[in-house]
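Trainee: Sequence below, structure please.
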Amino acid sequence: MLKKSLISGKYINLETKMIEWRRYFFQISAWCIIVIIAKIISFSVQLLFKIPLNSLGNAIFSSISDPNMELVLVLVIIPLILDIFQVK
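Mentor: The predicted structure follows:
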């Protein structure tokens, strides 16, 4: 049962065409645990490198005086750069 429950997206019984709620909630629970762990790691890294990250942010934004350019940087350019390095 555990091995079948770990197959992502497979929670419908093909014979009865019904959702197997135990598998569904197991997969949701596993995903929630993974996301919580990722958030804890992300928070810890940010907390650990708080001062260097603050200095980097100040260095990047000190040269930008236009608020619209700041928005473009924060909403477009930085997410684009970070998505390039994201492992999927």
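
Trainee: Ile12 - nearest residue in space that isn't next to it in sequence?
Mentor: Counting by C-beta to C-beta, 6 or more residues apart in numbering, Ile19 is the residue found nearest to Ile12 once chain neighbours are left out, at 5.7 Å. Where you see a C-beta, it was placed from the backbone N, CA and C, and this is true even at glycine.

Trainee: what's the burial count for that neighbour?
Mentor: 11 (other C-beta atoms under 10 Å).

Trainee: again, but for Tyr11
Mentor: Other residues lying near Tyr11 total 19 when counted by other C-beta under 10 Å.

Trainee: sorry, back to before: am I right that the residue nearest to Ile12 is in contact with Gly9?
Mentor: No - shown here, Ile19 and Gly9 do not form a contact pair, counting by C-beta atoms under 8 Å, at 11.7 Å.

Trainee: hey, where'd the helices end up in the protein?
Mentor: 2-5, 21-48, 50-62, 67-72, 78-85 (DSSP state H).

Trainee: what would those helices look like in TSV with distance to Leu14 and mean neighbour count?
Mentor: Listed next are the helices of the chain as TSV, based on distance: least, C-beta to C-beta, whole Å; neighbours: other C-beta atoms under 10 Å:
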stretch	distance to Leu14	mean neighbour count
helix 2-5	12	10
helix 21-48	13	11
helix 50-62	50	10
helix 67-72	49	11
helix 78-85	37	9
